[in-house]
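Student: sequence first, predicted model second:
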Amino acid sequence: MAEFLREISATARRVVVIHDAFMSYVVQDVATLPNAESYMFNCIPVLHSLSRELNDLESLQSFEELKSIPSSEYCLPPEFLKPSVYFSPQSECFAIPAGTIFSSCRSIEGTFIDLLAKQMKSRNKQIWAVGPLNLDTKSGKTEPNSRHKCLEWLDKQAPKSVLYVSFGTSISMKDEEIKELAIGLEQSKHKFLWLVRHADTGDIFAGDVKTAKLPEGFEERVKQFGLVVRDWAPQVEILGHPSTGGFMNHCGWQSCLESIAMGVPIAAWPMHTDQPRNAFLVTNILKVGLAVTTSEQGEEIVTSSTIASVVKRLMESKEGEEMGKRAAAIAGAVQQAVKEGGVSRLELDSFIAHITR
């Protein structure tokens, strides 16, 4: 990479490198070139950077709610936190970038963005919140013959009556967790669409991928109100469907953004890394979701009764209805943000203007 940067630096007016946080070490040679600069792209909320900045209680007084944010010790394994041949070189290069781009939005984190921008300005650095990225607000407009079968099932359900359940492509769940989730969904008697992926089998690196084992007779017993999908499904279209009224997920930031942008409240079940703090933002700050599990519970298995209770609270209670209204209000602002003249579009235009100055 160093050789490539030197080569293009010799023929270009300016070299701009946009990189992931964990590629900081790889592109560090930007700092040695007079006409080059780098910008870190963070696919997590601004809240994560802010929580690292506000490390004393005096700073936190104006953000009382941040005092209970999940700690790094809860989010990350000890092997990751201690000095290592992988992480230490990356963190030592975090100060090199001239600015940071966030996949977030002022309509979601306006207060936090302003505070972090002020802090970064004192270091002669800038931030831009340009998200959500890759947001298709025209979901459901595909040709009838190309639509996924689950969308046809959703077409037959009442508005906002279905809970969508999905834990992404890299989250692994133990057999016992899958069993408790299945029983909880069955006990709730509420309509659901459950996307069961290979990752749910517990080992995403296994060469021989197994199909997640659901309780015997489960799909037959719930067929009147539930649908299990075992292949890929169009998440944005599902979230944008009128029948979808809630989303139980692991709180990966992209899933959170898609859910928020579509006005769908969240049943937050974070597993690791950025997810606990993303869930904190969803449930404690934005108040558009309920926690299925909390940091205090650690690695405790979430019981079926807890799952059934959260489903009913989110989908059938006044509390859940109010969350849906807040989610819808934020969704309108977020969708407007990415349009021409919207706040995220203006931030993106500002970044492009900055690097082409």
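Tutor: It's in.

Student: remind me which residues of the stretch 51-200 of the chain are low pLDDT?
Tutor: Scanning the stretch 51-200 of the chain with the threshold set as pLDDT under 70 gives 51-64, 73, 77, 80-81, 83-86, 136-145, 170, 198-200.

Student: can you show me the strands along this protein?
Tutor: Along the chain, counting by DSSP state E, strands occupy 15-20, 36-42, 99-102, 126-129, 162-165, 192-195, 226-229, 244-249, 266-268, 289-291.

Student: can I get the ones you listed in JSON lines with mean neighbour count and distance to residue 303?
Tutor: For the C-beta atoms, the positions are set from N, CA and C on the backbone; glycine is no exception. Below are the strands of the chain laid out as JSON lines (neighbours: other CB atoms under 10 Å; distance: least, CB to CB, whole Å):
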{"stretch": "strand 15-20", "mean neighbour count": "17", "distance to residue 303": "37"}
{"stretch": "strand 36-42", "mean neighbour count": "20", "distance to residue 303": "35"}
{"stretch": "strand 99-102", "mean neighbour count": "22", "distance to residue 303": "36"}
{"stretch": "strand 126-129", "mean neighbour count": "23", "distance to residue 303": "38"}
{"stretch": "strand 162-165", "mean neighbour count": "25", "distance to residue 303": "16"}
{"stretch": "strand 192-195", "mean neighbour count": "23", "distance to residue 303": "17"}
{"stretch": "strand 226-229", "mean neighbour count": "20", "distance to residue 303": "19"}
{"stretch": "strand 244-249", "mean neighbour count": "28", "distance to residue 303": "15"}
{"stretch": "strand 266-268", "mean neighbour count": "27", "distance to residue 303": "14"}
{"stretch": "strand 289-291", "mean neighbour count": "24", "distance to residue 303": "14"}
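
Student: redo the ones you listed as TSV? Include distance to residue 180.
Tutor: Output for the strands of the chain, formatted as TSV (distance: least, CB to CB, whole Å):
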stretch	distance to residue 180
strand 15-20	35
strand 36-42	34
strand 99-102	35
strand 126-129	37
strand 162-165	13
strand 192-195	13
strand 226-229	16
strand 244-249	13
strand 266-268	14
strand 289-291	16
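
Student: so which of those gets nearest residue 152?
Tutor: strand 226-229 (10.2 Å; CB to CB).

Student: list the buried residues for the longest helix along the chain?
Tutor: Longest among the helix segments of the chain by residue count, using DSSP state H, is helix 318-337. For helix 318-337, burial by neighbour count (16 or more other CB atoms under 10 Å) applies to 320, 323, 324, 327, 330, 331, 333, 334, 335, 337.

Student: angle of it against strand 244-249?
Tutor: Between helix 318-337 and strand 244-249, the angle comes out at 90 degrees (axes from the mean of the first three to the mean of the last three CA atoms, to 10 degrees).

Student: ok, residues contacting helix 318-337?
Tutor: Where contact means CB atoms under 8 Å, 6 or more residues apart in numbering, the residues beyond helix 318-337 that reach it are 105-108, 132, 135, 137, 160, 245-246, 259-265, 286-290, 313-314, 342-345.

Student: now the buried members of those.
Tutor: Applying 16+ other CB under 10 Å to those, the neighbour count classes 105-108, 132, 135, 137, 160, 245-246, 259-265, 286, 288-290, 313-314, 342-344 as buried.

Student: now intersect those residues with the helices, please.
Tutor: Counting by DSSP H, the part of the buried ones among the contacts of helix 318-337 found in helices is 106, 107, 108, 259, 260, 261, 313, 314, 343, 344.
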